[in-house]
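*Asks:* Output the structure for:
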Amino acid sequence: MINLLYFFDYLNHYKHKQAIWYQFMNFSRKYQHFSIRFLIWLTLLLVFQYSLVACTAEEQTTPQPKIENTPTITPTATRIPTKDPNLGLGTSENPIKIAYIISGDPQSALQSSAAFISQLSNETNLVYEFVPYQNATEAFEDLRIQKFQFIWLQPLTYLAAEERELATPILVSNHFGLYRYGTQIFANISSNFMVYFDPASSTTTSNPDVALNQLEGKRPCWTDPSSLSGTIMPSGYLAMYGIHTQPPVFVQNHTSVIRALYIKEICDFGATFGYSGDPRTSSGVIRDLPDAIEKIVVIWRSEPNIPSLNLSVAQNVPENITLKTKSALIFLIRTDEGKKNLSQALSYDVQDLLEINAQYYNDVRDLVKAADIVPYQHLGY
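*Replies:* Numbering: from 1, shown residues only. All right, here's what the predicted structure looks like:
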């Protein structure tokens, strides 16, 4: 300790009493015993502090063991399989369902269809069920969720289903001798329109762009807004060829078109169904207007391009079920009993059935689009 004090004296001498050592020496001489204790405690404090720093550094530099990121294995949940709607299809537990939109009583429809369903089941050795719908929207929504396998559809309802890829047409009915019918334009003979139809040969003598051009600026009489032959198709032809008319008068039915043209002053021309009959000779007209066929003339008639009632198959129906059902229907409709039973089941005259696909609707699809009609807004037609 004495040597240490000499060392501090030495430092004090060479620092000319300007360093902290000078102050410390004065203090140490005055309180010699206290200085010794202080230096001991200071030394111990420095040693302890150094130990702490060293330990901290060791903690920081000591490599930690590497923890592998092992994936968490979650037990696979038990999957409850949903019932396959096609499982055991054609059995009493899961019958093949054929839907139809009717206008009458469902119970009467079921009774009327019983003979045909029995006949179809016997022919195929499969179990069928007839499902009548009074509400077209409900039938369409059930088609969307595949609550049945087949459905009889009118053209606009089929086109709405086609747009949503819900159904495919497989058969079209021959209704009163026609698989397709058309539209025809009538006018009062006194209107002096050019006539492009030969009643003797029942043929059209001009293309629609020529024949219909004379209707520019005239007022039409249409039937119902949802009628293909009495409203939508003639509107489509006019739109397709850029012919503009005055706002139409809707007279609700085909015989009323003939009456309106007979009276005159209501509209300049009108449209009704073509090929499947002549509204001028209907009992509702001929009784009151016996000379209507002379005074109201056909000035143009379209090609038969409106399909009759079709049978469509829903999506995901097994192909063997589709083929077996289609083949059996074609066979049965060519028997007197089958023809009678199917017509009774549908309350719709069916003379025959023809195999078709979506191309069968090309013309009507184009004209509906030209008329700016949304098929879904006309379900049931």
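
*Asks:* hey, where'd the helices end up in the stretch 51-200 of the chain?
*Replies:* Secondary structure of the stretch 51-200 of the chain (DSSP state H, counting those that start in this stretch): helices located at 106-124, 136-144, 155-163.

*Asks:* Buried deepest among the ones you listed, which one?
*Replies:* Scoring those by mean neighbour count under mean count of other CB atoms under 10 Å gives helix 155-163 as the most buried, with a mean of 22. Where C-beta positions appear, they are placed from N, C-alpha and C, glycine not excepted.

*Asks:* Go ahead and name everything in contact with that helix.
*Replies:* Helix 155-163 is contacted by residues 101, 136, 140, 143, 153, 167, 169, 226, 228, 232, 306-307, 310, 312, 358, 361, 364-365, 368, 373, 375-376, 378-381 when judged by CB atoms under 8 Å, 6 or more residues apart in numbering.

*Asks:* same check, this time on stretch 221-228
*Replies:* When contacts are defined by CB under 8 Å, 6+ apart, stretch 221-228 is touched by residues 155-156, 183, 229-232, 234-235, 248-254, 256-257, 260-261, 266-267, 269-272, 306, 364, 368, 378, 380-381.

*Asks:* one more time with 6 Å
*Replies:* The contact list for stretch 221-228, computed with CB atoms under 6 Å, 6 or more residues apart in numbering, reads 230-231, 248-254, 257, 260, 267, 270, 306, 378, 381.

*Asks:* which one of those is nearest S282?
*Replies:* H254 (7.8 Å; CB to CB).

*Asks:* So what's the residue count around D336?
*Replies:* Neighbour count for D336, taken as other CB atoms under 10 Å: 7.

*Asks:* Also D366?
*Replies:* 13.

*Asks:* Does it lie in a helix or a strand, and which?
*Replies:* helix 362-370 (DSSP states H and E).

*Asks:* And the helices in the stretch 201-350 of the chain, which stretches?
*Replies:* 208-211, 233-240, 254-263, 283-286, 292-295, 319-333, 336-346.

*Asks:* Lowest average pLDDT across those?
*Replies:* Lowest mean pLDDT of those: helix 283-286, a mean of 92.

*Asks:* buried residues in it?
*Replies:* For helix 283-286, a neighbour-count test (16 or more other CB atoms under 10 Å) marks V285, I286 as buried.

*Asks:* Only C-alpha atoms, please: export that helix in PDB.
*Replies:* In PDB, the C-alpha atoms belonging to helix 283-286 read as follows (Å, rounded to 0.1, in the frame of the first residue of the first chain):
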ATOM      1  CA  SER A 283    -114.600 -20.000 -84.400                       C
ATOM      2  CA  GLY A 284    -114.000 -16.800 -82.400                       C
ATOM      3  CA  VAL A 285    -113.500 -14.900 -85.700                       C
ATOM      4  CA  ILE A 286    -115.500 -16.600 -88.400                       C
END
